[in-house]
Structure formats: structure tokens, C-alpha cells
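# 3D model of this:
(one chain, ligands or ions: 1)
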Amino acid sequence: MPDTIADNIRRIAATLPPEVRLLAVSKFHPTEAILEAYEAGQRHFGESRVQELLPKTEALPADVCWHFIGHLQTNKVRQLIGRCYLIESVDSLRLLDAIDSESEKAGVVTRILLQVHVALEETKFGFTPDEIRDYFARRQFETLKATHICGLMGMASNTDDIERITADFRAIRSIYDWILATCPDLRGFDTISMGMSDDRDIAIREGSTQIRVGTDIFGIRDYSSH
Ligand SMILES: *Cc1c(COP(=O)(O)O)cnc(C)c1O
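Numbers count the residues shown, from 1 in each chain. Below is the predicted model of the structure:
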């Protein structure tokens, strides 16, 4: 018999150091699958599309902590505010500004991670390491009114080269350490979200505090029915 979702959750959770959180990436999987993970004790779930996340938040228990991990368009920010435990994929200052002003209007504080781009692949999403360092060197976070930056999120290159993957995670970790050394008064800057199904062990070795696991929990995603 193949492992169930509950088996997968328990198996992965049992191998995690206590300081590493398991985020179950449930994008493209139905609410029944999420409920099965929930019943196995899982509370943190990650989604990558606003139109998929919102109905799921309605259908699932209120104590689920939803994480947004996909590219977020500024015109969809308002719909997300107040619905997420953590928005992990903040990849531009424009998006950060939109989150801050919508949060202020709504009278809530939104917790976010800055997405840093270190991987080989060309992508327009994510801050470069230099942009991140510049942001903190100038202490620009002090202008935020209703947003709390809780740490960094990043991905390693999509490759089998373990050395390259290790170097990518190490780069993310070193930016995080640099920020803490440069701004020792930062509060609640404690999250390094890195590591997915295929590279989570390397990420944990390199100092991840949260892995984002989809396939190893829920199986292969079926994109065709969407
Ligand atoms: C889909 C996704 C994951 C999960 O990937 P798996 O390989 O299925 O574990 C993790 N992080 C982000 C940002 C994703 O979009």
C-alpha cells in the first residue's frame, strides 16, 4: 500500500530538528487532501494563487496558518490581507509598499518574508542579495507602518549539482546573518524559508528554519484540471 498523506507528514516531521517548521505546500491539491494532513496534526499550509487560497481558507478549520508562496500581483494584495499567517514571496519594493498600505487601511499588521533570488535560473522574481543588503543598510524597514519583516525566503538552483544547491542555500543564510549583524535591533527576524521536496536535507544542513514541502507529502501535482 502506498504511504498516505498522514504517513508522509509523520515521517517528515519525525526527521526535523525542533527549530525547523514543516510547511505543507498544498497548491493544486483538493481540500480533502489538506484535511487529511490537518487531521495528522499539520497546521501550516502553503498556497501560490490567491483564487485558490481564498476558497480553501473558507473550507478549512480556522486554526490553519496559511502561507502565501507564489508571485503576488499588487492588485490582488487587498484580497489577501488579514487571511495569511505569512506572505513569503514579497519580491519587490512596490509589492511591499502595497502590502503595507493595504494592511494599514485594514488596521492589521501583515507578516512577510522577503524573497531573495540566488539561483542560476533567470527570473524576474525576487530581490538580488545586493538589493536586500541595501534595503537593510539604509534601514528602510523603519518606514513600514503595518508590515513586519520576519525573515527571508529563497530557492536553490534547479539542478542535481549538490555543491551548487549547497552554495545557494549558504548564500541565503549568509545574507540573513549579515542582516542580523547589521541591524541587531531587528525584532522577530527569525525565519529562513528554504528547502523543498528534493533539496530539504541540504537546506536544513545549511540553516533553514522552515522547509516547504509539496510533492513528498501530497504526491505529484495535477496541473491539467486547472
Ligand atoms: C510548489 C512550491 C514548493 C513545493 O515544491 P515541491 O517540490 O513539490 O516540494 C515550495 N516552494 C515554492 C515557492 C513553491 O512554489
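
# Can you list the residue ranges for strands in the chain?
Here the chain has its strands, by DSSP state E, at 21-25, 44-47, 65-68, 86-90, 110-117, 147-155, 191-193, 210-213.

# Distance from the fourth one to the middle of the chain?
What that stands for is strand 86-90. 6 Å (Cα atoms, centre = their mean, to the nearest Å).

# which helices and strands does it pack with?
When contacts are defined as 3 or more Cβ pairs under 8 Å, 6 or more residues apart in numbering; DSSP states H and E, strand 86-90 sits against strand 65-68, helix 93-106, strand 110-117, strand 147-155. For glycine as for every other residue, the C-beta is placed from the backbone atoms N, C-alpha and C.

# Let's have those in JSON lines, adding mean pLDDT and mean neighbour count.
Formatted as JSON lines, the helices and strands packed on strand 86-90 follow (pLDDT from 0 to 100; neighbours: other Cβ atoms under 10 Å):
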{"stretch": "strand 65-68", "mean pLDDT": "98", "mean neighbour count": "22"}
{"stretch": "helix 93-106", "mean pLDDT": "98", "mean neighbour count": "17"}
{"stretch": "strand 110-117", "mean pLDDT": "98", "mean neighbour count": "23"}
{"stretch": "strand 147-155", "mean pLDDT": "98", "mean neighbour count": "23"}
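
# can I get the strands of the chain in JSON lines with distance to Arg11?
As requested, the strands of the chain are arranged in JSON lines below (distance: least, Cβ to Cβ, whole Å):
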{"stretch": "strand 21-25", "distance to Arg11": "11"}
{"stretch": "strand 44-47", "distance to Arg11": "17"}
{"stretch": "strand 65-68", "distance to Arg11": "21"}
{"stretch": "strand 86-90", "distance to Arg11": "24"}
{"stretch": "strand 110-117", "distance to Arg11": "26"}
{"stretch": "strand 147-155", "distance to Arg11": "23"}
{"stretch": "strand 191-193", "distance to Arg11": "21"}
{"stretch": "strand 210-213", "distance to Arg11": "11"}
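
# Using CSV, please lay out the ones you listed together with distance to the ligand.
Putting the strands of the chain into CSV (distance: least, Cβ to the nearest ligand atom, whole Å) gives the following:
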stretch, distance to the ligand
strand 21-25, 4
strand 44-47, 7
strand 65-68, 9
strand 86-90, 7
strand 110-117, 8
strand 147-155, 6
strand 191-193, 8
strand 210-213, 4
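
# related to what we said a few turns ago, switch the helices and strands packed on strand 86-90 over to JSON lines; also include distance to Phe127.
Below are the helices and strands packed on strand 86-90 laid out as JSON lines (distance: least, Cβ to Cβ, whole Å):
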{"stretch": "strand 65-68", "distance to Phe127": "17"}
{"stretch": "helix 93-106", "distance to Phe127": "8"}
{"stretch": "strand 110-117", "distance to Phe127": "5"}
{"stretch": "strand 147-155", "distance to Phe127": "9"}
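
# for the residue nearest the centre of the chain, what are its contacts?
By Cα atoms, centre = their mean, the mean C-alpha position of the chain lies nearest to Glu88, the distance being 3.8 Å. Contact partners of Glu88, counting by Cβ atoms under 8 Å, 6 or more residues apart in numbering, are 46, 67-69, 112-113, 115, 153, 193, 212.

# Spell out which parts of this structure neighbour the ligand.
25, 27, 48, 69, 196-198, 212-216 (Cβ under 6 Å from any ligand atom).

# quick check, nearest of those to Asp177?
Nearest to Asp177, judged by Cβ to Cβ, of the residues of the chain next to the ligand is Arg212 at 20.8 Å.
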